[in-house]
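K.L.:
Fold the following, please.
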Amino acid sequence: MSFLYVLIALVLVFDFINGFHDSANSIATVVSTKVLSPLSAVFLAATFNFVAFLIFPLKVATTIGKGVINADIVTLNLIGAAVVAAIIWNLLTWWWGLPSSSSHTLVGGLVGAAVSSSGFQSVIYSGLLKIGLFIVVAPMLGMIVAYIISIVVINLVKRHSPFGIDKHFRRLQLLSASAFSLGHGGNDAQKSMGIIWVALIATGKVAKDAPIDLWIVLSCHAAIALGTLFGGWRIVKTMGQRITKLKPFEGFCAETAGAMTLFLATHFGIPVSTTHTITGSIIGVGATKRASAVKWGVTTKIFWAWILTIPVSALIGSVMYFVFEAVF
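P.N.:
Predicted coordinates:
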């Protein structure tokens, strides 16, 4: 019983680190365009991270809880190993300033721990394939939508003065940043909900077909919102300036495209990376100027972090499972 409580606390710590790690995704564009100060942007993002539970159904939580590994083989040691693996990789990539995916870190940790526990047959490969596919689809979709929105906006405002364009889009960017933070909270907080939910099922505290309790929903949203408040400042510069220089109208286009992608994925219950999504969107905006406006050297490093996240997290999760088994 006490280990279950420790595990729930650990999941909430992961959720906090998720918000801490991914806060840059929500605020990078609005800070880099100087529409908001970092402090104001963080408060805006945290607020919309929290209220997202009022908007989105819990489909992503169901995917994480039952769609990655066979729920029948789940034990507290397995969950503990997966969450610790996710925390380790999140902190490492935060320290290195790389915007990696908290979602895929958690998925990798689950897969690695499950394989160590019950073999490769314990993995639900259709669910894993869907998540893996969106490693490519989410940033590509964000990039394409951002490119299209940017072209439309450029043609709509080409007769207006730069001062007027800047003035109007500084206001509009408040809306787009809020929408992206809403999508971030709606998709990312649900991953932790799914883990707590399956832990309760594994210990017989709730039935397999029971809905997710409100206390789980509120605690996970609160944890990610608090993490966002503390902010991952190391990643802000990478996301906001190193990929491409952004103006307010470009920030608006990137955030709007990112929000649309997140809303779509959350609607279909697909856990995607907010990092991948906003990075793709920023690249799409930069590409409207010229290919050289995107700093491809930085982007290549980010892509490598994406590719390595699931296998490295799986390896860490596998090792941590044996550690948990030996200790507990």
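K.L.:
Run through the neighbouring helices and strands of the top helix by length along the chain.
P.N.:
When the chain is parsed with DSSP state H, its longest helix is helix 162-202. Where contact means 3 or more C-beta pairs under 8 Å, 6 or more residues apart in numbering; DSSP states H and E, helix 162-202 is packed against helix 2-32, helix 38-51, helix 59-66, helix 76-96, helix 102-118, helix 214-230, helix 248-267, helix 274-287. The C-beta positions use only the backbone N, C-alpha and C, and glycine is treated the same way.
K.L.:
what about the helix or strand that the fifth one is followed by, distance to the chain center?
P.N.:
Helices and strands here follow DSSP states H and E; after helix 102-118, the next one along the chain is helix 125-157. Between the mean C-alpha point of helix 125-157 and the mean C-alpha point of its chain there is a distance of 15 Å (C-alpha atoms, centre = their mean, to the nearest Å).
K.L.:
Just want the angle from helix 125-157 to helix 274-287.
P.N.:
Angle of helix 125-157 versus helix 274-287, following axes from the mean of the first three to the mean of the last three C-alpha atoms, to 10 degrees, is 30 degrees.
K.L.:
Give me the angle between helix 125-157 and helix 102-118.
P.N.:
Going by the same axes, to 10 degrees, helix 125-157 makes 170 degrees with helix 102-118.
K.L.:
tell me the mean pLDDT over the longest helix of the chain?
P.N.:
Helix 162-202 carries an average pLDDT of 90.
K.L.:
I'd like the numbering to begin with 42 instead of 1 from here.
P.N.:
Okay, using 42 as the starting number, the last item reads as helix 203-243.
K.L.:
I figured Ala263 hits Asn90, correct?
P.N.:
No: using C-beta atoms under 8 Å, Ala263 is not in contact with Asn90; the gap is 9.2 Å.
K.L.:
Report how many residues lie close to Ala251.
P.N.:
Using other C-beta atoms under 10 Å, Ala251 has 11 neighbouring residues.
K.L.:
for it, helix, strand, or coil?
P.N.:
On the three-state scheme (DSSP: H, G, I helix; E, B strand; the rest coil), Ala251 is labelled coil.
K.L.:
what residues are up against it?
P.N.:
Ile242 (C-beta atoms under 8 Å, 6 or more residues apart in numbering).
K.L.:
Next, give phi and psi for it.
P.N.:
phi -70, psi 140 (degrees, to the nearest 10).
K.L.:
Tell me who's in contact with Gly121.
P.N.:
Leu48, Leu51, Met361, Phe365, Phe369.
K.L.:
make it 7 Å
P.N.:
By C-beta atoms under 7 Å, 6 or more residues apart in numbering, the contact set of Gly121 is Leu48, Leu51, Phe365.
K.L.:
would you turn the helices and strands packed on helix 203-243 into JSON lines with distance to Gly168?
P.N.:
Formatted as JSON lines, these follow (distance: least, C-beta to C-beta, whole Å):
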{"stretch": "helix 43-73", "distance to Gly168": "20"}
{"stretch": "helix 79-92", "distance to Gly168": "25"}
{"stretch": "helix 100-107", "distance to Gly168": "7"}
{"stretch": "helix 117-137", "distance to Gly168": "15"}
{"stretch": "helix 143-159", "distance to Gly168": "9"}
{"stretch": "helix 255-271", "distance to Gly168": "20"}
{"stretch": "helix 289-308", "distance to Gly168": "14"}
{"stretch": "helix 315-328", "distance to Gly168": "18"}
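K.L.:
Which one of those lies nearest to Leu223?
P.N.:
helix 79-92 (4.5 Å; C-beta to C-beta).
K.L.:
Between Ala263 and Asn90, which is the more surrounded one?
P.N.:
Counted by other C-beta under 10 Å, Ala263 and Asn90 do not tie: Asn90 has more neighbours, with 31 against 19.
K.L.:
where does the protein have low pLDDT?
P.N.:
Applying pLDDT under 70 to the chain flags the ranges 42, 65-67, 139-140, 272-286, 331-340, 342-343.
K.L.:
Leu241 versus the spatially closest residue to Phe369 that is not a sequence neighbour, what's the distance?
P.N.:
Leaving aside its chain neighbours, Phe369 sits nearest to Asn118 (5.8 Å; criterion: C-beta to C-beta, 6 or more residues apart in numbering). As for Asn118, its distance to Leu241 is 15 Å (criterion: C-beta to C-beta, to the nearest Å).
K.L.:
Compare the two (neighbour count), which wins?
P.N.:
Asn118 (22 against 19).
K.L.:
Does the more buried one touch Phe365 like I think?
P.N.:
Yes: Asn118 lies in contact with Phe365 (C-beta atoms under 7 Å); the separation is 4.1 Å.
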